[in-house]
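Visitor: The following comprises the amino acid sequence and a computationally predicted model.
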Amino acid sequence: MHRTPLLIAPTLLAMALAACSADRPEAPATANSPTPAAAPESQASTVGADVTMRYTCNGDHTVAVHGETSATVTTADGTTELPRVADSAPPQFANDTLSFSIGTRGAELGHAGVGSFACRPE
């Protein structure tokens with residue numbers, strides 16, 4: 001019979017909580033926006049005035065050729081600088097595990113123990 005006071009209390013509490021949360025000002029949109037991450041240092045060598053040619057290779061690999069001196073290979077494992085093989089014609093860049101060669105039928109990225117990947121100019 002006296003259930004009315006019991007129902008009023010929770011209703012008043014819910015209204016009070018709703019009113020409190022409605023009074024809070026919203027944070028500016030930039031406060032919740034993530035800060036853009038800085039570009040990794042490894043990408044610095046693949047972007048610049050000294051890059052003379054870029055290649056996209058199968059397997060989501062990329063190669064940036066730096067004039068006649070070196071090439072930067074980007075794989076899922078990271079970025080590696082390859083020096084040019086002396087007196088190579090057509091140009092070839094290599095280290096112990098990676099090689100990149102540019103030939104008359106296209107370019108190829110070789111990865112020791114993994115295989116080779118066809119590359120095409122960007």
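Guide: That came through fine.

Visitor: can we go C-alpha only for contacts and neighbour counts from here?
Guide: Noted.

Visitor: quick one: contacts of stretch 58-72?
Guide: Outside stretch 58-72, the residues within contact range by Cα atoms under 8 Å, 6 or more residues apart in numbering are 45-46, 50-57, 73-76, 79-84, 91, 93, 117-119.

Visitor: 7 Å instead?
Guide: 45-46, 50-56, 73-75, 79-84, 93, 117-119 (Cα atoms under 7 Å, 6 or more residues apart in numbering).

Visitor: what do you get for stretch 85-96?
Guide: 70-71, 82-84, 99-103.

Visitor: mind running it again at 8 Å?
Guide: 68, 70-71, 82-84, 99-103.

Visitor: quick one: which of these sit in strands?
Guide: For the contacts of stretch 85-96, the ones inside strands are 70-71, 82-83, 99-103, with DSSP state E as the criterion.

Visitor: Okay, helices next: where are they in the protein?
Guide: With DSSP state H as the criterion, the chain has helices at 3-23, 29-32.

Visitor: Any of the ones in strands among the contacts of stretch 85-96 buried? List them.
Guide: Neighbour counting over the ones in strands among the contacts of stretch 85-96 (16 or more other Cα atoms under 10 Å) leaves 70-71, 82-83, 99-102 as the buried ones.

Visitor: Beta-bridge partners for Phe100, please?
Guide: Phe93, Leu109 (DSSP bridges).

Visitor: my guess is it contacts Gly110, does it?
Guide: Yes. At 6.2 Å, Phe100 counts as touching Gly110 under the criterion of Cα atoms under 8 Å.

Visitor: buried set for stretch 68-83?
Guide: By neighbour count with 16+ other Cα under 10 Å, stretch 68-83 contains the buried residues 70-74, 79-83.
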